[in-house]
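Peer 1: Sequence first, then the predicted structure, then my questions.
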Amino acid sequence: MSAKSRFSLIDPAKSPVFYGYVILAVGTLGIYSSIPGQTIGVSVFTDPVKDALGLSRNQFSNAYMVGTICSSLVIGRAGVWFDRYGARYVAFFAAVVLAFALVLCSWSVQMSEIAKRILDSNSWTIPFTLMTVLFFILRFSGQGVLTMASRNVIMIWFDKNRGKVNAISSVAISFGFSSSPLWINALVEGYGWQSAWQFLAVGLLMVSFLILQFFKNRPEEHGLLPDGTPEGSGNNGRSVSLAKQFTLKEAEHTRAFWMYALMLAFNSFFITGLTFHVVSIFASEGFPKSDAIAIFLPVSVVAVSISLIFNYLSDYLQLKLYLYLMILGGIMASIGFLFLSLSAGVFLLVGGLGIMGGFFAVLNAVAWPRFYGRDHLGAITGKTMSFMVLGSALAPPIFSFFFSFFESYHLIGYLGLAVMLFLALASFKADNPQ
């Protein structure tokens, strides 16, 4: 059995439909399965776990921040693994490691008590250190590696139709992520947080088996080309355009790499900080908790609508237009932040967040293979993922710092406007390097 088919009974060349659509389905499932390692999946466990471990909210949040920052420093290495070993093995081991981490999380209280007895100490630093390590593994394997490998494998199997298939995947992921707190919370309330984590671990082991069976690294390994053109068929005028295959170092020497990566990182920063402190942000402007939470539904509607339309159009339009539209969304959100006490400010904030979220779903998937090719896609997306993870890690403490020292979140709006102005000016020459 060849290395490309080892441990798998599936032959893409014998598929009755183009196998890329199978990759689309299983790759989307892989991204969805990263939820236990995402902020939206961890947040449901915050209160019961911190109480069981005897940690304050700040201590628990800081453990999450430190673990996330540490994961951002090594995610780039996972991109190199992706290029060397392929999506199949990298995603498989990421799912297994994430499942193992969830089991360890479910035993965190017992491990903390054992460590306290061994060290003869009842210090809070013991559960804090333990959760920092566990959060590092969760964030690295879930938010980082599994997400990156699953998204990249979809993009590798398509070229001309990348935007269309990413539209399908993005919409499915948006609805899946937005509904996940409901069923995860039902697991926690029905079976307890420890059993809930163990159930999620079992589910991830099942997904890891599907990944090992159905993930295939590249269509060329199976006599196919992206979008479904058989090799040697003459391609019927649909041959994949020849393009320079950029290494990470070469990509870093282009302006487009930094402008797109910084815009995506700002989106992660802004969205994470707002989500983490949304009740406090709206309360500071006189809004009740119900109004604060209510903004996420319209934001999701705007984001999904933009993602669906502009993913499809991305096969025909220049992505630089998308970058500037995303910057426009950042400007709207920042202005909305400054005038949140007014109804117009809320509309600007919701619209701006939705625009940024919608274009994030397009650019984060489509831009990198179109600009830099597929040969070193793992290293390039791994680097950009590290920026996004770092931004999401720094956001909660920075938002909190501004509010603690200035008794207002308004400075975040000014910070956002400054960053957007810089990106708007610096992106004039951020053209496709192909």
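Peer 2: That came through, no problem.
Peer 1: What about the nearest residue to Val153 once chain neighbours are set aside, how many residues nearby?
Peer 2: Leaving aside its sequence neighbours, Val153 sits nearest to Ala87 (CB to CB, 6 or more residues apart in numbering; 3.7 Å). Using the backbone N, CA and C atoms, a C-beta is placed for each residue, glycine as well. Applying other CB atoms under 10 Å, we find 28 residues neighbouring Ala87.
Peer 1: just Asn58 next, same as before
Peer 2: 11.
Peer 1: any low-confidence regions in this structure?
Peer 2: Filtered on pLDDT under 70, the chain yields the residue ranges 1-5, 229-243.
Peer 1: quick one, domains of it?
Peer 2: 16-224, 248-428 (automatic domain parsing).
Peer 1: can you give me the end-to-end distance of the first one?
Peer 2: Read it as domain 16-224. End-to-end span of domain 16-224 (CA to CA, to the nearest Å): 13 Å.
Peer 1: Name the residues that touch stretch 169-179?
Peer 2: The contact list for stretch 169-179 (CB atoms under 8 Å, 6 or more residues apart in numbering) reads 24, 27-28, 31-32, 35, 38, 40, 151, 154, 296, 300, 303-304, 307-308, 311, 361-362, 365.
Peer 1: in the stretch 151-300 of the chain, which spans are strands?
Peer 2: With strands called from DSSP state E, counting those that start in this stretch, the stretch 151-300 of the chain shows none.
Peer 1: Going along the chain, name the helices of it.
Peer 2: Along the stretch 151-300 of the chain, counting by DSSP state H, counting those that start in this stretch, helices occupy 162-191, 193-214, 248-252, 255-283, 289-294, 296-313.
Peer 1: most tightly surrounded among those?
Peer 2: helix 255-283 (a mean of 21; mean count of other CB atoms under 10 Å).
Peer 1: other SSEs contacting that one?
Peer 2: Contacts defined by 3 or more CB pairs under 8 Å, 6 or more residues apart in numbering; DSSP states H and E place helix 255-283 against helix 39-42, helix 289-294, helix 319-338, helix 343-372, helix 377-406, helix 410-426.
Peer 1: With respect to Leu134, which of the ones you listed lies nearest?
Peer 2: When those are compared by CB to CB, helix 39-42 sits nearest Leu134, at 10.2 Å.
Peer 1: Output the closest one as PDB - backbone C-alpha positions only.
Peer 2: What follows is helix 39-42, C-alpha atoms only, in PDB (Å, rounded to 0.1, in the frame of the first residue of the first chain):
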ATOM      1  CA  THR A  39     -12.900  30.500  22.800                       C
ATOM      2  CA  ILE A  40     -16.600  29.900  22.100                       C
ATOM      3  CA  GLY A  41     -16.200  26.300  23.200                       C
ATOM      4  CA  VAL A  42     -14.000  27.000  26.300                       C
END
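Peer 1: Distance-wise, check Leu55 relative to Pro369.
Peer 2: Counting by CB to CB, to the nearest Å, the gap from Leu55 to Pro369 is 42 Å.
Peer 1: With Gly142 instead?
Peer 2: Following CB to CB, the distance that separates Gly142 from Pro369 is 23 Å.
Peer 1: Give me the more crowded residue out of these two.
Peer 2: For Gly142 versus Pro369, the count of surrounding residues by other CB under 10 Å is larger for Gly142: 27 against 21.
Peer 1: before we move on, what SS does that one have?
Peer 2: helix (DSSP: H, G, I helix; E, B strand; the rest coil).
Peer 1: tell me the contacts of it?
Peer 2: 34-38, 41, 94, 98, 101 are the contacts of Gly142 under CB under 8 Å, 6+ apart.
Peer 1: Kindly report the same for Val165.
Peer 2: By CB under 8 Å, 6+ apart, the residues touching Val165 are 20-21, 24, 154, 158.
Peer 1: Please name the residues that touch the residue nearest to Val153.
Peer 2: Going by CB under 8 Å, 6+ apart, the list of residues near Ala87 reads 149-150, 152-153, 156, 215, 217.
Peer 1: quick one: which of those residues has the most company?
Peer 2: Most neighbours among the contacts of Ala87, by other CB under 10 Å: Ala149, with 33 neighbours.
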